[in-house]
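**Q** Build me a model from this:
(chains A and B)
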Amino acid sequence: KQEVTQIPAALSVPEGENLVLNCSFTDSAIYNLQWFRQDPGKGLTSLLLIQSSQREQTSGRLNASLDKSSGRSTLYIAASQPGDSATYLCAVSSGNQFYFGTGTSLTVIP
Amino acid sequence: DTGVSQNPRHKITKRGQNVTFRCDPISEHNRLYWYRQTLGQGPEFLTYFQNEAQLEKSRLLSDRFSAERPKGSFSTLEIQRTEQGDSAMYLCASIPPGKNIQYFGAGTRLSVL
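**A** Numbering: from 1, shown residues only, chains lettered A, B, ... in the order given. Here you go, the predicted structure:
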């Protein structure tokens, strides 16, 4: 069974700092990997999707990379802002199943 | 905006009562997933539908849980004889044909007293 791990569980940074969130998975046979943002008590908002054949995707200040062979993905956030404070989740898809990590709770301090 | 809609947003119930949640997916999305999420955890898969067919159910889905998608459009998740351990956020996601991209609703938060 696919297992997804996210490190660190929590991260606190001052505003303006660049940061990296990590996601690792045990089975490299994935279809794609999706990064989500979740605000407290809310649903998940998709940030970036990387297909298994891709190495990275960028959207604004966000850049996600994928190294399928080593079972790792990173989400890079440039010039962090207080509005970036949220929980960030990664999910890998294998067949018709999706497996989530437990998330990284990010706090950006003004 | 015709995103994924979930109702109700919040449900408070007493132990032993039955509850039903509804999910309206994005139009023409043929796959629909239900997840349960507890505090500090990622979403855990419960079940999914392709059109009206329920194709897979998690072991988490005890016999008190049932889900339907009668016409391949909206879906309902019913929990019978609720227990305090059922308190969680219940999330629904829909997926368009030919893609593995999930679009989530805002969730239904269930509190069992």
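**Q** Looking from chain B, tell me which residue of chain A is nearest.
**A** A:F100 (3.3 Å; Cβ to the nearest Cβ). Bear in mind the C-beta positions are built from the backbone N, C-alpha and C, glycine included.
**Q** residue contacts, that residue?
**A** A:V4, A:L89, A:C90, A:A91, B:G42, B:P43, B:E44 (Cβ atoms under 8 Å, 6 or more residues apart in numbering or on different chains).
**Q** quick one, what contacts the closest residue to A:T5 other than its chain neighbours?
**A** The spatial neighbour of A:T5 that comes closest, neighbours along the chain excluded (Cβ to Cβ, 6 or more residues apart in numbering or on different chains), is A:S24 at 4.9 Å. A:S24 makes contact with A:V4, A:T5, A:Q6, A:I7, A:G71, A:R72, A:S73 under the criterion Cβ under 8 Å, 6+ apart.
**Q** Try it again at 6 Å.
**A** Contacts for A:S24 (Cβ atoms under 6 Å, 6 or more residues apart in numbering or on different chains) come out as A:T5, A:G71, A:R72.
**Q** cool, B:T47 as well?
**A** So B:T47 contacts B:W34, B:K57, B:L61, B:A67 (Cβ under 6 Å, 6+ apart).
**Q** ok, the lowest-mean-pLDDT helix or strand in chain A: who's next to it in the sheet?
**A** Here the helix or strand of chain A ranked lowest by mean pLDDT, DSSP states H and E is strand A:97-100, holding a mean of 92. Strand A:97-100 pairs in its sheet with strand A:86-94 (antiparallel), by DSSP bridges.
**Q** Check the gap between A:T26 and A:V92 for me.
**A** To A:V92, A:T26 is 10 Å away according to Cβ to Cβ, to the nearest Å.
**Q** Same drill for those two, tell me which one is more crowded.
**A** Neighbours per residue, other Cβ atoms under 10 Å in any protein chain shown: of A:T26 and A:V92, the larger number sits with A:V92, 31 against 12.
**Q** quick one: contacts for that one?
**A** Counting by Cβ under 6 Å, 6+ apart, A:V92 has contacts A:V4, A:F25, A:I30, A:L33, A:Y99.
**Q** Is the nearest residue to A:K42 once chain neighbours are set aside in a helix, a strand, or coil?
**A** Nearest residue to A:K42, sequence neighbours excluded (Cβ to Cβ, 6+ apart): B:A106, at 6.0 Å. At B:A106 the chain is in coil, as set by DSSP: H, G, I helix; E, B strand; the rest coil.
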